[in-house]
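Undergrad: From the sequence below, what's the structure:
(chains A, B and C, ligands or ions: 7)
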Amino acid sequence: MKGKKLKTGEIENALNRFLKDEQHLVLGFKKDESGVSHHIFKGSLDHYSLLNPVFGANAALYLRRLFSKGSQVMLMLRPCEIRACVELNKLTQIEREDIIAVSIDCPGTVSSKEKKEEVPAELHELNDYFKNKDSMRWACSVCGEKRAVVGDAGIRIDEKGNYWAIPYTEKGEVLLSLIDGEPEEVPAELLAAKEQKKDKFQVDMEIFNKDFEKCIMCMNCRDMCPVCYCIDCVFNGDEYLPKGDALLNKVFRIGSVKMPRGKDLFHFIRMYHVSQTCVGCGACEEACPQGIPLTKYFKGVSERLQDIFSYMSGRSFDEPIPYVTFLEDELKDATD
Amino acid sequence: MKTGIFICHCGHNIKHTVDVKKLSEYFKKFPNVTVSQDYVFVCSEPGQDMIKEAIEKEGLDRVIIASCTPSLHGEMFKDVLKKADLNPFLLRRVSIREHCSWVGDDIEANTEKAKRYILAGLYSSAHHVPLEEKIVEVEKSALIIGGGVSGLSAALFLSKMGMQVYLVEKEAELGGHVRALKNVWPSGRDGKSIVDEMVAELQSRNNVEIFTSTTIGGFEGFFGNYEVKLDTPEGQRKVIAGGAIIAIGFSPFDPSIKPELGYGYDKRVITTLEFEQNVDQLQLPENPRVAILHCVGSRDDQLGKPYCSRVCCVNALRVGDALKSRYKDSYVESFYMDVRAHPKGGEEFFEDTQEKGVLFTRANVAEITPTPTGVVVRGEDTLFGEIFERRFDLVVLSIGMSPPEDSKLIANLLKITLDKDQFFLEAHIKLRPFDTAVKGIFIAGSCSGPKDVEESINHGRASAVKLFGFLNLGYAYVDPFISWVDPKRCSGCRMCEQACVAKAIKYDEEKRIVRVEEAACMGCGLCNATCPSSAIILKGYIDRMIDDEISAFMEAI
Amino acid sequence: MTDEAKEKNPEIVGFACSYCTFKASEMAGSLRMKYPEGVKLIQVPCSSRVDPAFVIKAVFEGADGVFVAGCHPGDCHFIKGNYYTRRKIVALKEMFDAFSMKEKLRLFWVSAAEARRFIDKVTTFYNDIKEKKNEREKA
Ligand SMILES: Cc1cc2nc3c(=O)[nH]c(=O)nc-3n(C[C@H](O)[C@H](O)[C@H](O)COP(=O)(O)OP(=O)(O)OC[C@H]3O[C@@H](n4cnc5c(N)ncnc54)[C@H](O)[C@@H]3O)c2cc1C
Ligand code: SF4
Ligand code: SF4
Ligand code: SF4
Ligand code: SF4
Ligand code: SF4
Ligand code: SF4
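TA: Ligands and ions are numbered 1, 2, ... in the order given. Predicted coordinates:
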């Protein structure tokens, strides 16, 4: 595989060249006094930062229903954000023509909720910072795809600390053409996938009930999930819960009952809805005011369910979402 | 909401294991239930009147009929609502017979189960909305597949009633298996003359088109307007048929599947069919010894053919009879499981042959071995529990009727179901023996299970009568149970569109939402189950109806 | 039925396709075959109409077991619907497995002709659940 080795400042130069076009935008990170945050650049870059050490939200959330005609956004984002964009493209929420999706090798992040001090945004400092395992966000500490191997192109960092731009699609070549220098063979270590031992997610209802005891059904988790894309979610109403007279009717007919809890229904059904598209980013957990360990459940379940179909959310633009396709000759032992 | 609940006793059928009185009392308590009543036969004339009157007098806007399974009397009950000026889709059927009273013995448990089923109907019916049945024009023409006696009789009837008939026969000649029978029981007539008569009459009619050496290449559309592709020797032809009758008959059982019968490599072991065709050319000694084997390829669980073929016992008797008439001093022994001489006069015929000297041995035949000195039959006499071994000059296998070889093919093309034996499945064994589950498609003759000639002809005519009733109306109602997209709720993700098998969902590039092409929608509901926010709904089966049924079963509402 | 019996007898909700399993259940009824009264059916036009959310709902409303039943693969009245059902229900089973409640969900193929198979499937499911339920209660 070929890519271009990046000299210092070359990314910025390339993106600025891209921004010369009136219709072009860059979505990436900006670093100022208040810290690093998502930013859309027009015209030219300003305090651009390749990395953002603090995770607040998944930027794909803001790209839903991106149908602009003629304009183009270069996405310079974390792998989990790019993967969510890829899923949203399959869900017709992001037009393919409108984006060039570039993922960036991710060193991991700190949770916005736990950020107590200044977190460095430079790569080597950040790597040092994360020597203390506890400072990394839980979702990141178990993240299976920190490598920038998804989307149209990736910004990779080799063992010596060199930066590489590697194209994966024709659109990725656009980025490359903006970069000075000739393409060369990329170091082998960047190509090898790190073999990761995944523990199968396994709990029981007792653990679930305990973990979700404090859930107040605010549905922030859904609101901040990039792949919960529905304009009018099924949980917007409360029809699925017995209430008022219906509830009393029941009590009069069959005696005392436990108050129905919509919690389990909400989380289970949402978990099923995002089971093939969840990218394990942990944005839901980040948004939860009650500190529910959502990533453990949503990521855990979705990995098991994606494995059945050898699917991985956001890995490729072309793989259909498993529930809208099938093979006749599969799942032979599906029935009981 | 004013709901009327009508609970049927079905004579004794429901009442004997469901406490119908208790049920009708119970539902009176519900605030939105205006009428709750039990009645001996809700489907009877007075029963229907009772419902009609209640609708009119009480101003009911929902009707729940708890009785037999919804696939029975559906149209009739809908008509009752129509007569009372109520939209027929505000009717809810609840099955407390096939799904309660008949499947459990404990009256208390059954009553509780029936209660929950009715409760489910009650809650779910709150989400019923008036729907419009679309009316489609029905083409007054019929496709008949198979030109055996059953297909011929169906074609004749429909043609005489003025319907355009397309008769499709795979072979070069019409007539099916009967054409080859020399001496058709019980009339004794030559099979060829029977079918020739029917064929001649059919050919003389000007509203019949006969396609021989032709197979079905495609079958699309819906009741009233099926588009059929015929692969004829002259190339493909397209015809439009309002409905269809399947009459593709049977396949004679092939005894070589059971090697222990010794069939297929020695001309001294033959089938009843071959006996019938070659009875004059048989080279037998003066006083021949002949064995006849009943139930070959019938009532055989190991072969997956547990059914009785209905004709083979009589066929076996006819062979014995024929032999005894030709060779007075022959030794003829029939090996049977038990004799089921089906048609009228069969039992007398059985006694006759016994008198003529045919021996009957109840036996399990284990093996038939042709040897130079005769064909050896080994087996066990199951009456006396003895093992025997006897030598014969000829063995005749009375073969059964197997399902037609094209059954799977035709079933797939017409999207209908086969039974466990691979014959075509009736919609209901007793109540709808000519219908399939698909409206406008009927079955006739031995393709739905072994039948003799008379039965096949009658079955063919009966199916034709049924189809005629449908076609003659000239129009049909189409179920309005198709999908609909709520434009305000659709996110335009196109998941439903990708899944829909009928390609009935179209994406609007401007509005960025989808819509349903009504004529193409099959009403399966896959789209509804695929859309996470249920922005696309299947009318008649919306989420809330099913959710409430679940809740009612669990008494959680 | 005493309250105690009610406690111990499982509640099973089954989703049955109109063209096959529901037909088989009608036939079973006509033939007076018996099965436990705890088994109750919801008729759907095709097994592909079954939204996994229904199954989840049934379980959290108190069903001890849920089954989804449709035509054998290749025989779907709606041509391919049951292949989608298979994917969805297999996924849902995996999810239930993650929560250690795999035994609550089953998928059957029962054609319109298979009344006996229908009885066998629902009765076995019922008995298996009942055994587990009573074991748990004793413990
Ligand atoms: C050995 C034997 C002896 C019998 N003797 C008697 C008797 O004495 N008395 C009596 O009452 N009954 C007798 N029967 C039964 C009798 O043969 C049947 O009742 C009768 O043939 C049934 O008629 P049918 O029209 O249903 O089927 P068939 O006669 O089988 O005719 C079906 C027709 O459909 C055609 N076909 C098949 N597939 C296709 C396709 N894909 N497309 C188009 N056409 C197709 C076939 O070529 C055939 O012409 C006997 C049966 C056997 C096996
Ligand atoms: S989840 Fe993975 S890709 Fe996303 S921020 Fe964490 S480590 Fe990076
Ligand atoms: S929970 Fe389901 S319905 Fe609601 S937004 Fe997420 S995917 Fe859509
Ligand atoms: S469910 Fe949570 S982890 Fe999965 S994509 Fe949504 S926000 Fe990210
Ligand atoms: S954000 Fe947290 S508290 Fe709110 S619904 Fe989700 S899990 Fe419950
Ligand atoms: S009901 Fe079935 S055929 Fe109709 S639009 Fe939905 S998926 Fe397509
Ligand atoms: S699946 Fe639902 S939201 Fe998506 S396009 Fe279809 S109807 Fe619209």
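Undergrad: and residue B:294, that one's in a helix?
TA: No - counting by DSSP: H, G, I helix; E, B strand; the rest coil, residue B:294 falls outside a helix, being strand.
Undergrad: Give the burial count for it, as a bare number.
TA: 26 (other Cβ atoms under 10 Å in any protein chain shown). (C-beta placed from N, C-alpha, C; glycine too.)
Undergrad: My read is that it contacts residue B:333, right?
TA: No - applying Cβ atoms under 8 Å, one finds residue B:294 not in contact with residue B:333, separated by 11.4 Å.
Undergrad: Please enumerate the shared neighbours of the two.
TA: A shared contact of residue B:294 and residue B:333, defined by Cβ atoms under 8 Å, 6 or more residues apart in numbering or on different chains, is any residue touching both; here there are none.
Undergrad: Low-confidence stretches in the stretch 151-300 of chain A?
TA: Along the stretch 151-300 of chain A, the model assigns pLDDT under 70 to residues A:195, A:242, A:245-246, A:249-250, A:252-255.
Undergrad: so what's residue B:58 up against?
TA: Contacts of residue B:58 were listed using Cβ under 8 Å, 6+ apart, and they are B:2, B:4, B:34-35.
Undergrad: Tell me where the longest helix sits in chain C.
TA: Identified as the longest helix of chain C according to DSSP state H is helix C:115-138.
Undergrad: ok, for residue C:30, nearest residue in space, not its chain neighbours?
TA: Nearest residue to residue C:30 in three dimensions, chain neighbours excluded: residue B:98, at 6.3 Å (Cβ to Cβ, 6 or more residues apart in numbering or on different chains).
Undergrad: What's the mean pLDDT across the helix or strand hosting residue B:515?
TA: Here residue B:515, judged by DSSP states H and E, is contained in strand B:513-516. Across strand B:513-516, the average pLDDT comes to 96.
Undergrad: now stretch B:118-136
TA: For stretch B:118-136, the per-residue pLDDT values average out at 92.
Undergrad: Pull up the gap between the closest residue to residue A:133 other than its chain neighbours and chain C, please.
TA: If the residues on either side of it in the chain are set aside, residue A:133 comes closest to residue A:141, at 6.8 Å by Cβ to Cβ, 6+ apart. Applying Cβ to the nearest Cβ, to the nearest Å, one obtains 20 Å for the distance of residue A:141 from chain C.
Undergrad: what does residue B:391 give?
TA: When Cβ to the nearest Cβ is applied, the distance between residue B:391 and chain C equals 43 Å.
Undergrad: three-state assignment of that residue?
TA: When states are read from three-state DSSP, the local structure at residue B:391 comes out as strand.
Undergrad: so it makes contact with residue B:378?
TA: No - using Cβ under 8 Å, residue B:391 is not in contact with residue B:378; the gap is 10.5 Å.
Undergrad: residue boundaries of the strands in chain C?
TA: Secondary structure of chain C (DSSP state E): strands located at C:12-17, C:39-44, C:65-70, C:105-109.
Undergrad: who does the third one pair up with?
TA: Sheet pairing here is set by DSSP bridges, and for strand C:65-70 it gives strand C:12-17 (parallel), strand C:105-109 (parallel).
Undergrad: Spatially, and excluding backbone neighbours, which residue is closest to the residue of the stretch 151-300 of chain A found nearest chain C.
TA: Closest approach between the stretch 151-300 of chain A and chain C, counting by Cβ to the nearest Cβ: residue A:204, at 4.0 Å. Computed as Cβ to Cβ, 6+ apart, the closest residue to residue A:204 that is not its neighbour in sequence is residue C:100, at 4.0 Å.
Undergrad: Just the residues contacting the top strand by length along chain B, thanks.
TA: The strand of greatest length in chain B, counted in residues with DSSP E as the criterion, is given as strand B:359-371. Counting by Cβ under 8 Å, 6+ apart, strand B:359-371 makes contact with B:260-263, B:265-266, B:268-269, B:293, B:331-339, B:354, B:375-383, B:388, B:395, all of which sit outside it.
Undergrad: which residues sit in contact with residue C:49?
TA: B:524-526, B:528-529, B:538, B:541.
Undergrad: Hmm, residue A:206 and the residue nearest to residue A:204 touching each other?
TA: No - with contact defined as Cβ under 8 Å, residue C:100 does not reach residue A:206; the gap is 9.1 Å.
Undergrad: Looking at these two, which one has more neighbours?
TA: residue C:100 (14 against 10).
Undergrad: And the one residue sitting closest to the centre of chain A, how close does it get to residue A:314?
TA: The C-alpha lying nearest the average C-alpha coordinate of chain A belongs to residue A:80 (Cα atoms, centre = their mean; 3.2 Å). Note on residue A:80: its distance to residue A:314, by Cβ to Cβ, to the nearest Å, is 8 Å.
Undergrad: what do the two both touch?
TA: residue A:279.
Undergrad: so which of the strands of chain C comes closest to ligand 6?
TA: With Cβ to the nearest ligand atom as the measure, strand C:39-44 is the member of those nearest ligand 6 (11.5 Å).
Undergrad: Just confirm yes or no for that closest one near chain B.
TA: Yes - looking at strand C:39-44 against chain B by Cβ under 8 Å from any Cβ of the partner chain, the contacts come from C:40-44.
Undergrad: Next, give me the two most distant ones among these.
TA: C:40 and C:44 (13.6 Å; Cβ to Cβ).
Undergrad: So these two - more neighbours on which side?
TA: In terms of neighbours (other Cβ under 10 Å), residue C:44 is the more surrounded of residue C:40 and residue C:44; the figures are 27 against 21.
Undergrad: Next, count neighbours for residue A:39.
TA: 19.
Undergrad: so who does residue B:98 touch?
TA: Contacts of residue B:98 were listed using Cβ under 8 Å, 6+ apart, and they are B:68-69, C:25-26, C:28-30.
Undergrad: give the contact list for the residue of chain C found nearest ligand 4.
TA: Closest approach between chain C and ligand 4, counting by Cβ to the nearest ligand atom: residue C:95, at 13.6 Å. Contacts were defined as Cβ under 8 Å, 6+ apart; by that measure residue C:95 touches A:268, A:271-272, A:275, A:301, A:304-305.
Undergrad: Name the SS class of residue A:265, please.
TA: Secondary structure for residue A:265, judged by three-state DSSP, is helix.
Undergrad: Now do the domain split for chain B, please.
TA: The domain map for chain B lists B:3-132, B:141-250+B:403-476, B:252-397, B:483-538, with the assignment taken from automatic domain parsing.
Undergrad: if I look at the residue of chain C found nearest ligand 2, how far off is residue A:87?
TA: Proximity to ligand 2, evaluated over chain C using Cβ to the nearest ligand atom, is greatest for residue C:98 at 20.2 Å. If you measure residue C:98 against residue A:87 using Cβ to Cβ, the figure is 21 Å.
Undergrad: swap in residue C:120?
TA: Noted for residue C:120: a distance of 42 Å to residue A:87, by Cβ to Cβ.
Undergrad: Is any residue of stretch A:278-296 near chain B?
TA: No - judged by Cβ under 8 Å from any Cβ, stretch A:278-296 and chain B are separated, with a smallest distance of 12.6 Å.
Undergrad: tell me which residues of that stretch are tucked away?
TA: Of the residues in stretch A:278-296, those with enough neighbours to count as buried (16 or more other Cβ atoms under 10 Å in any protein chain shown) are A:278-288, A:292, A:294-296.
Undergrad: do the same with stretch B:263-272
TA: Of the residues in stretch B:263-272, B:263, B:268-272 count as buried by neighbour count, 16+ other Cβ under 10 Å.
Undergrad: can you give me the end-to-end distance of it?
TA: When the termini of stretch B:263-272 are compared using Cα to Cα, to the nearest Å, they are 12 Å apart.
Undergrad: Just checking that stretch against ligand 1, any contact.
TA: Yes - contact between stretch B:263-272 and ligand 1, assessed by Cβ under 6 Å from any ligand atom, occurs at residue B:272.
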